[in-house]
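Participant: Give the three-dimensional model of this entry:
(one chain, ligands or ions: 1)
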Amino acid sequence: MDNFALRYPFTDDAKQVLEGAELNSRIIEMGFQRIKNALEGKAAGKIVYSENEIIEEIASYAAARMILGTLGNQFITGRFAVNESKIARAHLNKENQAAVNRIALHFGIITNENLLDIPTYLKYCPKSTPYRLINRRIVSGKVEISENEKLRLIEEGIRKHMEDIPRPNDPPEEIKKAGERLLLELPKHQTRITVKEGDHPPCIMKLFESVKKHQNLPHTARWYLATYLIGIGMEEDAIVEIYSGLPDFNEKITRYQISHAKKKGYRVPSCSTIMSYGLCCAVCRIGNPLKWHTISNIRKEGIR
Ligand code: SF4
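Facilitator: Okay, the predicted model is just below:
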């Protein structure tokens, strides 16, 4: 049997493999475990040998999606989407061009001499500065991308696909129970962001909103948020708690990055820099987001 469907369980090839397969307790348990692995940040796929094991493994992906669809928990779905897209990306890195193009086609990512049409590019490009259209070379109305960037776009396509899970109609009782068990597996760190309007500048409030909704933040947004939280004197544990809302949260890496940023003395960037990152969402005229606090104190206390 072709292992392509196993490596990419979201493809039509995988659907064909599953034709006639039935959902049973073992598959549901495997689907549950697949999601649990994502919550624990275990990126490695399972090694399978027999045809039956391959079918079960692909079916476990379908079961995992049913569980997630029933649960409707954005945080767990986000963790699953990030984990599965990273597993698929690790496979993609080892594929030949034909296989890469086969997956790319699944998302309509069709390049000709490394050129991709702008709407598809915008649909799948990561939200980070190097990918902003303004920073790209445009040739004949198309965006030039490297092979590595093409893989990154495919990875993003896979992640988005994984996040888009329909709610199943009348799911089996075992699927519902698996979803309830998953809620008990949620990390101990739970984001508690209790801020009221005006506590922080609008760009930071917007980032808090994204974290609350467990949305993925681009690298520049994470870095800016960290410098800001360090800048206002927030304790490391409190910052980690905020970052724990991100779908790809890893406590060890987060703590390392915070202490690294502190050690290096990274400063909060100016409003104009934040604007160039695409993260500014208001016209505060304060020059630097940290000044928000001085100015709002002046507003509260009045100028004597
Ligand atoms: S003007 Fe500055 S503080 Fe206000 S939203 Fe933009 S970047 Fe943030």
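Participant: Other residues contacting stretch 154-161?
Facilitator: Here stretch 154-161 makes contact (CB atoms under 8 Å, 6 or more residues apart in numbering) with 10, 81-82, 84-86, 88-89, 92, 100, 103-104, 106-107, 109, 123-126, 216. For the C-beta atoms, the positions are set from N, CA and C on the backbone; glycine is no exception.
Participant: Of those, just the buried ones, PyMOL syntax please.
Facilitator: Buried residues within the contacts of stretch 154-161, by 16 or more other CB atoms under 10 Å, are selected in PyMOL with:
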select buried, resi 10+81+82+84+85+86+88+89+92+100+103+104+106+107+109+124+125+126+216
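Participant: just the contacts of stretch 154-161 that are near the ligand?
Facilitator: Applying CB under 6 Å from any ligand atom, the subset of those adjacent to the ligand is empty.
Participant: Out of the contacts of stretch 154-161, list just those in helices.
Facilitator: Judged by DSSP state H, these include 81-82, 84-86, 88-89, 92, 100, 103-104, 106, 123-124 as members of helices.
Participant: if you skip the residues just before and after it, what's nearest to the most centrally placed residue in the chain?
Facilitator: What sits nearest the mean C-alpha location of the chain, by CA atoms, centre = their mean, is N216, with 4.1 Å. Closest residue to N216 apart from its sequence neighbours, by CB to CB, 6 or more residues apart in numbering: P247 at 5.5 Å.
Participant: Which positions within the top helix by length along the chain qualify as buried?
Facilitator: Counting residues, the longest helix in the chain under DSSP H turns out to be helix 51-71. Buried positions in helix 51-71, judged by neighbour count with 16+ other CB under 10 Å: 54-71.
Participant: swap in stretch 136-144?
Facilitator: Buried residues in stretch 136-144, counted by 16+ other CB under 10 Å: 136, 142-144.
Participant: Looking at those residues, which one is closest to the ligand?
Facilitator: Of all the buried residues of stretch 136-144, the one with the least separation from the ligand (CB to the nearest ligand atom) is R136, at 23.5 Å.
Participant: residues contacting the residue of the stretch 1-150 of the chain found nearest the ligand?
Facilitator: Closest to the ligand within the stretch 1-150 of the chain is T129: 14.8 Å, counting by CB to the nearest ligand atom. For T129, the contact set (CB under 8 Å, 6+ apart) comprises 135, 220, 276-278.
Participant: can those residues go into TSV with extra columns for neighbour count, secondary structure and distance to K176?
Facilitator: Conversion of the contacts of T129 to TSV gives the following (neighbours: other CB atoms under 10 Å; DSSP: H, G, I helix; E, B strand; the rest coil; distance: CB to CB, whole Å):
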residue	neighbour count	secondary structure	distance to K176
N135	10	helix	47
T220	20	helix	40
S276	16	helix	47
Y277	19	coil	42
G278	15	coil	40
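Participant: As TSV, those residues with distance to the ligand and pLDDT would be great.
Facilitator: Formatted as TSV, these follow (distance: CB to the nearest ligand atom, whole Å; pLDDT from 0 to 100):
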residue	distance to the ligand	pLDDT
N135	19	91
T220	12	90
S276	10	90
Y277	9	89
G278	11	89
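Participant: Now for those residues: which two are most distant?
Facilitator: Largest separation among these by CB to CB: N135 and T220, giving 12.1 Å.
Participant: nearest residue to the residue in the stretch 51-200 of the chain that the ligand sits nearest to other than its sequence neighbours?
Facilitator: Of all residues in the stretch 51-200 of the chain, H200 sits closest to the ligand, at 8.8 Å by CB to the nearest ligand atom. The spatial neighbour of H200 that comes closest, neighbours along the chain excluded (CB to CB, 6+ apart), is W292 at 6.6 Å.
Participant: Now the one you found, what are its backbone angles?
Facilitator: Main-chain torsions, W292, degrees, to the nearest 10: phi -50, psi -40.
Participant: residue contacts, it?
Facilitator: Taking CB under 8 Å, 6+ apart, we find W292 in contact with 200-201, 284, 286.
Participant: Flag the shaky bits of this protein, pLDDT-wise.
Facilitator: Counting by pLDDT under 70, the chain contains low-confidence ranges at 1-2, 43-49, 187-193, 295-304.
Participant: Tell me where the stretch 201-304 of the chain has helices.
Facilitator: With helices called from DSSP state H, counting those that start in this stretch, the stretch 201-304 of the chain shows them at 202-212, 219-231, 236-243, 251-264, 271-276, 291-301.
Participant: got a markdown table for those helices, with distance to I118 too?
Facilitator: What follows is the helices of the stretch 201-304 of the chain, written out as a markdown table (distance: least, CB to CB, whole Å):
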| stretch | distance to I118 |
| --- | --- |
| helix 202-212 | 25 |
| helix 219-231 | 22 |
| helix 236-243 | 33 |
| helix 251-264 | 33 |
| helix 271-276 | 21 |
| helix 291-301 | 36 |
